[in-house]
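J.: here's a sequence, model it:
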Amino acid sequence: MLLMLLGAVVPAWASAPGPRVPRERKLVVRAEDAATLHLLRVAPGAVTTVVFNDDILPASVDTKALAPLFAQVKVYPGVMVLRPAVAMPDASRPLVTVRFAGEDAPRQVSFLLVTDPKEVDTVVEVSRHALSAEDLGEELSLLRGRCAAAEAGLATLRAQCDQTGLAGAVLTGALGPEPVSVDRSPLPVETPGLEVVGSALLYSHIRSRVMAFALRNSPDAAPWVPGVGRLTRLGADGKEDLIIQEIPVRMLEARLPPGASGQVVLEWHMPKDLEPQALYVLEVWNQEGNRSVRWKGLSL
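T.: Presented below is the predicted three-dimensional model:
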């Protein structure tokens, strides 16, 4: 069976003159690889021999369809021999599907024929890791067991996600008996076109930290797409000396269009080994990394 695969499926290799390095390799095909395309590098005038550890059906390969591109195509119960006359076309590379004899899985293996300017496959040994119907039944039973275990874990996560508000924070363990403090952060340094509306609030609970603020995008600015926040420690000289971590920027909106405002939240956990009196810089960047708001001298 041969199909002409339209479009570029793999990076295009232009044929080029010069010697190609011959390669011998082994290929193992398994039941789960039935839909996988395996690259087979062939070259004009070079013989590529594909050897199978199980018998194949020679009639499954459409040798007549291959004839315009190949000077020689021979298919036997355990071997396929190819000798191209020309380089494989980039726009429509041949797809050769070879069917195995017998009913075990995988039933077939598919090759995408390409021409590499540097290498050519001279011998490819194909080992079929066959599974009988009984083997497939056992694997299916194992897979069902894993799915049941995964579903049980997902049920627990769904139950946690259903818990909202302060009650949900207590039920999920995010909020314990330790006190929560709230501080108003100093004024930030803003990129032109961005404005923090009001004060940013910093919530502290044990080692958890949450920074929340309202952000307004200027009417004449480009859309602001949330990116990452970067927490950096300040040294004794007041200069930034250590990036502590990068933090996802969370919003209900996917982006802030020109003139729009939205609530921005960052949540992170402070490492245990940091100096208690250290000061920090928190930067909140857009996805492109060219517009941000920045707080310096935060005590966390």
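
J.: okay, Trp268 and Ala169: tell me how far apart.
T.: 16 Å (C-beta to C-beta, to the nearest Å). Yep, even glycine has a C-beta here, placed from its N, CA and C like the rest.

J.: now swap in Val114 and tell me
T.: Distance, Val114 to Ala169, by C-beta to C-beta: 56 Å.

J.: next one: Pro106
T.: Pro106 is 50 Å from Ala169, by C-beta to C-beta.

J.: between those two, which has more neighbouring residues?
T.: Using other C-beta atoms under 10 Å as the criterion, Pro106 and Ala169 rank with Pro106 on top: 20 against 15.

J.: check contacts around that one.
T.: The contact partners of Pro106, taken as C-beta atoms under 8 Å, 6 or more residues apart in numbering, are Val29, Arg30, Ala31, Asp33, Ala34, Phe100, Arg128, Ala130.

J.: please repeat the previous calculation with a cut-off of 7 Å.
T.: Pro106 sits next to Val29, Arg30, Ala31, Asp33, Ala34, Arg128 when contact means C-beta atoms under 7 Å, 6 or more residues apart in numbering.

J.: for the first one, which non-adjacent residue is spatially closest?
T.: When the adjacent residues along the chain are set aside, Val29 lies closest to Val109, with 4.8 Å between them (C-beta to C-beta, 6 or more residues apart in numbering).

J.: before we move on, what about the third one?
T.: For Ala31, the nearest residue in space outside its immediate sequence neighbours is Ala105; the separation is 4.0 Å by C-beta to C-beta, 6+ apart.

J.: hang on, isn't the one you found packed against Arg30?
T.: No: with contact defined as C-beta atoms under 7 Å, Ala105 does not count as touching Arg30 (8.5 Å).

J.: so which of those two has more stuff around it?
T.: Comparing Ala105 with Arg30 by neighbour count (other C-beta under 10 Å), the higher total belongs to Ala105, at 21 against 14.

J.: need the distance between the two termini of stretch 233-249.
T.: Length of stretch 233-249, first residue to last, C-alpha to C-alpha, to the nearest Å: 19 Å.

J.: same question for stretch 259-278.
T.: Using C-alpha to C-alpha, one end of stretch 259-278 lies 37 Å from the other.

J.: now swap in stretch 157-169 and tell me
T.: By C-alpha to C-alpha, the extent of stretch 157-169 from end to end equals 14 Å.

J.: run the chain-centre distance for that stretch.
T.: Stretch 157-169 sits 29 Å away from the centroid of its parent chain (C-alpha atoms, centre = their mean, to the nearest Å).

J.: quick one: residues in contact with it.
T.: For stretch 157-169, the external contacting residues (C-beta under 7 Å, 6+ apart) are Leu171, Thr172, Leu175.

J.: next, the closest residue to Pro248 other than its chain neighbours: secondary structure please.
T.: Distances taken as C-beta to C-beta, 6+ apart put Val228 closest to Pro248, at 6.5 Å, once the chain neighbours are dropped. Classification of Val228 by DSSP: H, G, I helix; E, B strand; the rest coil places it in strand.

J.: can you count the residues close to Val228?
T.: Neighbours of Val228 using other C-beta under 10 Å come to 17.

J.: could I get the contacting residues of it?
T.: Contacts of Val228 were listed using C-beta under 7 Å, 6+ apart, and they are Glu246, Ile247, Pro248, Val249, Trp285.

J.: mind pulling the model confidence for the first one?
T.: Reading off the confidence values, Glu246 has pLDDT 93.

J.: any idea which element it lies in?
T.: Per DSSP states H and E, Glu246 falls inside strand 240-248.

J.: just checking, what packs against that strand?
T.: If you count contacts as 3 or more C-beta pairs under 7 Å, 6 or more residues apart in numbering; DSSP states H and E, strand 240-248 packs onto strand 226-234, strand 261-269.

J.: average model confidence for stretch 77-90?
T.: 93.

J.: for it, the distance to its chain's centre please.
T.: Mean-position distance between stretch 77-90 and its chain equals 33 Å (C-alpha atoms, centre = their mean).

J.: I appreciate the help and will end here.
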